[in-house]
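**Student:** pasting the sequence and the predicted model now:
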Amino acid sequence: MQNSNWFTEECIESGSAFSLQINEKLHEEQTPYQKIEIYSTSKFGNLMVIDGFTMLTERDNFIYHEMMSHPALFAHPDPKNILIVGGGDCGTLREVTNHQCVQNITQVEIDQRVTELSLAFFPELCEKNNDPRIKLVFDDAIKWVKDAPSETIDLIIVDSTDPIGPAEGLFSTPFYRDCMRALKVDGLLVQQSESPLIHLDSIIQPMHHCMQQAGFKKTDLLYFPVASYPTGWWSATMASKSNEVIFAREKESEVLSFKTQYYNHAIHKACFAAPQFIKQKILM
């Protein structure tokens, strides 16, 4: 759509596009890793775009960030040491800090400018960045995980961009093998895994295969809506190092000690329910 009043992201795989009406472009720059643009939109608040792809909007990012963090944190019996891979906008980081049992959170983001621009244009996502439990590292997460001490991490959250460019290696067997080694015996990995409607064959199935090839015993999909992402239907993949993924902290989820906008106990239980076509194809 050649119209300066709209930002449009085309999704070739689905033969569709999503557009947001914009008020103005607030920022644009090419970092050593990617092109970042920030827009003000008429109904969705500020919008971050990386290499032409929608990363987040102020209006609907809470669904993604809550579902990338809380199901995995409540699935682990005692999550103390957390690693976030990517996540430079700090929305997932903010959600993780709500869990008082967490003692240490390391976030490894390759592009420092993502965090700096989030501080400027999405300050609500960065409001917990000064939490003393947090360590922000700006480095190559693939190398960082490879060098991490064995069996020291309870939960790894891979909050990455699509599997292209700097993020491509985060969807590979060698990376998952390094995650396996770094995780404790009851460790979990959760990673955004694109749209189950259009990426089941091209991304999700290969991703689960790579995780299992690396040694993860069980992989599960969880589902949630994000209006501004292709098809509006998104997923995350949760992988367990040694056991079935269970609802280990279910009692705490029933009476949340912090506020959420999307996640709750019923959502947690429902989000793992697999549609029939996925059961037949990936969960056989």
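**Tutor:** Structure received.

**Student:** only C-alpha atoms for contact and neighbour calcs from this point on.
**Tutor:** OK.

**Student:** contacting residues for the residue nearest to residue 272 when sequence neighbours are not counted?
**Tutor:** Excluding the flanking residues, the one nearest residue 272 by Cα to Cα, 6 or more residues apart in numbering is residue 222, at 4.6 Å. Contacts for residue 222 were tallied using Cα atoms under 8 Å, 6 or more residues apart in numbering; they are 235-238, 271-274.

**Student:** part of a strand, is residue 222?
**Tutor:** Yes - in this structure, residue 222 lies within a strand as judged by DSSP: H, G, I helix; E, B strand; the rest coil.

**Student:** would you check how far apart it and residue 36 are?
**Tutor:** Separation of residue 222 from residue 36 (Cα to Cα, to the nearest Å): 29 Å.

**Student:** host element of residue 7?
**Tutor:** For residue 7, the host element (DSSP states H and E) is strand 6-11.

**Student:** now do that strand, average pLDDT.
**Tutor:** Strand 6-11 shows an average pLDDT of 95 in the prediction.

**Student:** how about stretch 137-148?
**Tutor:** For stretch 137-148, the per-residue pLDDT values average out at 97.

**Student:** can you check stretch 63-73 too?
**Tutor:** Computed over stretch 63-73, the average pLDDT equals 98.

**Student:** stretch 171-185 too?
**Tutor:** The average of the pLDDT scores along stretch 171-185 is 96.

**Student:** please renumber the chain so that the first residue is 27 from this point on.
**Tutor:** Will do, 27 is the new start, and the previous item becomes stretch 197-211.

**Student:** what residues does it touch?
**Tutor:** In contact with stretch 197-211 (Cα under 8 Å, 6+ apart) are residues 168, 171-172, 174-182, 189, 195-196, 215, 233, 236-237, 239-242, 267-268.

**Student:** picking up where we left off before, partners of the residue nearest to residue 298 in the sheet?
**Tutor:** With beta bridges defined as DSSP bridges, residue 248 has these partners: residue 262.

**Student:** returning to that earlier point: tell me the helix or strand right after the strand holding residue 33.
**Tutor:** Counting by DSSP H and E, the next helix or strand C-terminal to strand 32-37 is strand 42-56.
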